[in-house]
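Visitor: Predicted model and sequence follow; I will ask about them next.
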Amino acid sequence: MSKKTNKFSADNFGKETTPEVQENTFYFGKENFKWMLIGLAFILVGFLLMIGPDANTVDGKFDPNSWNDGIFSIRRIRIAPLFVVIGFVIEGYAILKRK
């Protein structure tokens with residue numbers, strides 16, 4: 001009679017057949033978490049760069065008769081969203097990166 005080569009037979013149901021599978025089943029390593037923190041920092045910096053007065057605020061007070069062109073600054077329209085998108089790309093890389 002020959003040896004069984006099938007590890008997934010009904011005879012082995014409920015029995016532990018491969019102990020090496022349980023050694024380390026956690027997917028993320030230290031480098032994944034490092035990249036996740038870097039991505040989170042980019043996202044936070046991007047949102048912080050978006051902070052500022054709204055269109056009708058002058059010296060911290062609402063004035064409906066004035067217009068603040070600061071809402072269309074390069075920092076708030078281009079740079080801050082770029083940081084947020086870069087942060088999300090880094091997060092995706094950190095999640096998909098293998099150990």
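Guide: Received, thanks. No experiment lies behind these values; they were computed from the predicted model shown.
Visitor: pLDDT at residue 34, what is it?
Guide: pLDDT, the model's per-residue confidence, is 96 for residue 34.
Visitor: how about the nearest residue to it once chain neighbours are set aside, what does it touch?
Guide: Distances taken as Cβ to Cβ, 6 or more residues apart in numbering place residue 94 nearest to residue 34, at 8.0 Å, with adjacent residues excluded. C-beta: built from backbone N, CA, C; applies to glycine. When contacts are counted by Cβ atoms under 8 Å, 6 or more residues apart in numbering, residue 94 is found next to 32-36, 38-39.
Visitor: mind checking the longest helix of the protein?
Guide: helix 30-50 (DSSP state H).
Visitor: model confidence over the next helix or strand after that helix, on average?
Guide: Remark: after helix 30-50, the chain's next helix or strand is strand 57-58, criterion DSSP states H and E. The pLDDT scores in strand 57-58 average 81.
Visitor: And for strand 57-58, what's in contact with it?
Guide: Here strand 57-58 makes contact (Cβ under 8 Å, 6+ apart) with 63, 66, 68.
Visitor: Show the subsequent helix or strand relative to that strand.
Guide: According to DSSP H and E, the helix or strand after strand 57-58 is strand 61-62.
Visitor: secondary structure class for residue 26?
Guide: Under DSSP: H, G, I helix; E, B strand; the rest coil, residue 26 falls in the coil class.
Visitor: Residue 33 - how many residues pack around it?
Guide: The number of residues packed around residue 33, counting by other Cβ atoms under 10 Å, is 11.
Visitor: Check residue 48 too.
Guide: For residue 48, the neighbour count with other Cβ under 10 Å is 10.
Visitor: where's it relative to residue 83, distance?
Guide: 9 Å (Cβ to Cβ, to the nearest Å).
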